[in-house]
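quick one, what's the 3D model for this:
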Amino acid sequence: MNAIRAAIESVCDPEIPVLTIVDLGVLRNVRQVGDAVTVTITPTYSGCPAMDAIREDIVAAATTAGAASVTVNTVLSPAWTTEWMTDQGRLKLAEFGIAPPGADPICPQCAASNPRTVSEFGSTACKALMVCSACGEPFDRFKDL
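Numbers count the residues shown, from 1 in each chain. Now for the predicted structure:
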């Protein structure tokens, strides 16, 4: 893997900084011709406010790694799905205290099942706010999409 691609793949989501854009599944393609790079990304949803920062971070990372020009294309189809998240990304979410998308959410604090949803919107629009039925701690759950 070349340095430019590695730099792009290391860009983190500004809303969930423990996840790279690879972990999250928004990085779709990196094409390099000489020192020009074209990057294709798909947002988690079309109005995601983090995408502007991600675009800027991709350009900065690629430029720092030696790209002379960087184009970032946003592709909305096919639509992003939580199935594109890596297993490592799901594990990172849980370790960070956010329940990953999946069948049955468990509390990231005490591992109890059956939390209740407080709000369909948590700290960001892609997360729901939940409360543990056992320890009473609030936590975010990354929504299934």
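
hmm, residue 106 is touching residue 99, no?
Yes. Taking contact to mean CB atoms under 8 Å, the distance of 6.5 Å between residue 106 and residue 99 places them in contact. For the C-beta atoms, the positions are set from N, CA and C on the backbone; glycine is no exception.

common neighbours of these two, please.
When contacts are counted by CB atoms under 8 Å, 6 or more residues apart in numbering, residue 106 and residue 99 have residue 115 as shared neighbours.

for residue 101, see how far away the nearest residue to residue 106 once chain neighbours are set aside is.
For residue 106, the nearest residue in space outside its immediate sequence neighbours is residue 113; the separation is 5.2 Å by CB to CB, 6 or more residues apart in numbering. The gap separating residue 113 from residue 101 is 16 Å, by CB to CB, to the nearest Å.

returning to what we had before: how many neighbouring residues does the residue nearest to residue 106 have?
11 (other CB atoms under 10 Å).

that one contacts residue 103, correct?
No. Contact between residue 113 and residue 103 fails when scored by CB under 8 Å: they sit 10.7 Å apart.

show me what the helix or strand where residue 39 lies is packed up against.
The secondary structure element spanning residue 39 is strand 36-41 (assigned by DSSP states H and E). With contacts defined as 3 or more CB pairs under 8 Å, 6 or more residues apart in numbering; DSSP states H and E, strand 36-41 has these neighbours: helix 3-9, strand 27-33, helix 50-64, strand 69-74.

mind checking those for the one nearest to residue 139?
For residue 139, the closest of the helices and strands packed on strand 36-41 is helix 50-64, at 20.0 Å, according to CB to CB.

that closest one: which residues count as buried?
Going by neighbour count (16 or more other CB atoms under 10 Å), the buried part of helix 50-64 is 50, 51, 54, 55, 57, 58, 59, 61, 62.

got any ranges where the chain has weak pLDDT?
Scanning the chain for pLDDT under 70 picks out 1.
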